[in-house]
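# Need coordinates for the below:
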Amino acid sequence: MLNCFFVSRRAAATSFLSAGMAALAGCGAETLDKPAETTRVDDRPATTQDLDNAFSAPPGKGIAIVNGSQAATINVTMPDYFDSLSEKLQTELSDRANSGTEAFIAAAEADQEAARSEGFEFRPHALDIVWERSGPAEGRLTGFVGTYTIYTGGAHSNLSFDKVNWDLKSDKPVGFDDIFDDADTARERMSSLLKEGLLTQKRERLGDTQSTDEDILKTWVDPALDAQSALFDHFSVIASTEPEKAGGIVYHFAPYEVGAYAEGVYVVTLPYRGFEDLLGDTYRSSFGGEPRKP
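Purely as a prediction, here's the structure:
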C-alpha cells in the first residue's frame, strides 16, 4: 500500500485539502458503494485559552473535509521556510510527520470494511498534522512543535503533540539531558514549575471555588506527572525577546492528559530564569530574555 503523505506550506491550506483528498482516493482507501454525506472535521476542543499559543490553525482552517468514498484523509502542513532548513532537520520533521500514517490508513480501511459488512454508518477518518517553529529562527538552539488533530469517527476529534529541539550549529537533535547539567534535579524542578503553572490555569479555566489546590493537584495533575516518566523530555524551546536566544521552554498537554476533554489544551511556558541555575555549559548561553509569544 502506498504511504499517503501530503505536505503543504501553510499559505496553501485550501488547495492542499482538495489535492490530498483526491490523491488518497487512489492510495489504498476503499470506496463505498453509496458515499455518505460530506463530513467536516473541524471540532477542536473548546477552551478559553489563546489557540495561537497552541501553534495550531484555528478551528476549520487546515482540517480535512472528507466524504464517504474515502476511508481516511491525511494532511501534513510544514512551515513555508521548510526548504531553508538543513537536510537533516527536514528529514527529522518529515519522518516525525510520516510516522504512523500507514497504520492510520490501515485502521481506517478496517473500520470502513467493518461498517460495510456489519451494516452501520462509517465516518471517514482524518489526520491533520501541522509543524511550526517555536524556538528562535537564528542562534544555536531552536525548537519545533507538531500538532496532530485526529478524527476516527467519534463525537469529536482528539489532539496530540510532538516536539523537536535542534542544535543549528551541530545540526543534530537536542534532548533534556543535553540541556541540563543534572537532568534528575532538573526534572524535579520542572515538576514543581509545571504543577504551579497548571494549577494557575486550572483555577482560571474551571472557576472552581470549592476544591482546594490539593484536590485539583491530586485529581489530575499529580497522577499525570507521576505516571509519565518521560514527560519532562517532551518540551519545546521557545523564542525570546532577545534575538537568537531561547526565552525558556514550553510544554503542551493534550486533552485528557491533565484535565477533562472540555478543558481543552493546556500550554505551560516556563521562563528560563526558573531553571537558569541548572543549565549545562553547552547551551547556557543560548538562553536569555523573556519567552516570546508566537
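
# make it CA atoms for all contacts and neighbour counts henceforth
Will do.

# got the contact list for the nearest residue to Asp281 once chain neighbours are set aside?
Take Asp281 and drop its neighbours on the chain: the residue closest to it by Cα to Cα, 6 or more residues apart in numbering is Asp181, 7.5 Å away. Counting by Cα atoms under 8 Å, 6 or more residues apart in numbering, Asp181 touches Leu278, Leu279, Gly280, Asp281.

# just Val130 next, same as before
Ser56, Val76, Thr77, Met78, Gly146, Thr147, Tyr148.

# just checking, it is part of a strand?
Yes: Val130 sits within a strand when classified using DSSP: H, G, I helix; E, B strand; the rest coil.

# show me where the stretch 1-150 of the chain has helices.
Remark: helices assigned in the stretch 1-150 of the chain by DSSP state H, counting those that start in this stretch are 13-25, 87-98, 101-118.

# hey, C-alpha coordinates of the shortest one in CSV?
Provided in CSV are the C-alpha atoms of helix 87-98 (Å, rounded to 0.1, in the frame of the first residue of the first chain):
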residue,chain,number,x,y,z
GLU,A,87,18.6,18.4,5.1
LYS,A,88,18.9,16.6,8.4
LEU,A,89,16.3,18.8,10.1
GLN,A,90,13.9,18.4,7.1
THR,A,91,14.3,14.7,7.3
GLU,A,92,13.7,14.7,11.1
LEU,A,93,10.4,16.7,10.8
SER,A,94,9.2,14.7,7.8
ASP,A,95,9.9,11.4,9.5
ARG,A,96,8.1,12.5,12.6
ALA,A,97,5.1,13.6,10.5
ASN,A,98,5.1,10.4,8.4
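
# Just the buried residues of it, please?
Leu89, Glu92, Leu93, Ser94, Ala97, Asn98 (16 or more other Cα atoms under 10 Å).

# need these in JSON lines with distance to Leu168 and pLDDT, can you?
Listed next are those as JSON lines, based on distance: Cα to Cα, whole Å; pLDDT from 0 to 100:
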{"residue": "Leu89", "distance to Leu168": "9", "pLDDT": "97"}
{"residue": "Glu92", "distance to Leu168": "13", "pLDDT": "96"}
{"residue": "Leu93", "distance to Leu168": "14", "pLDDT": "95"}
{"residue": "Ser94", "distance to Leu168": "17", "pLDDT": "93"}
{"residue": "Ala97", "distance to Leu168": "20", "pLDDT": "92"}
{"residue": "Asn98", "distance to Leu168": "22", "pLDDT": "90"}
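
# Let me know how buried Gly175 is, in neighbour terms.
Neighbour count of Gly175, defined by other Cα atoms under 10 Å: 16.

# Having no further points to raise, I will conclude here.
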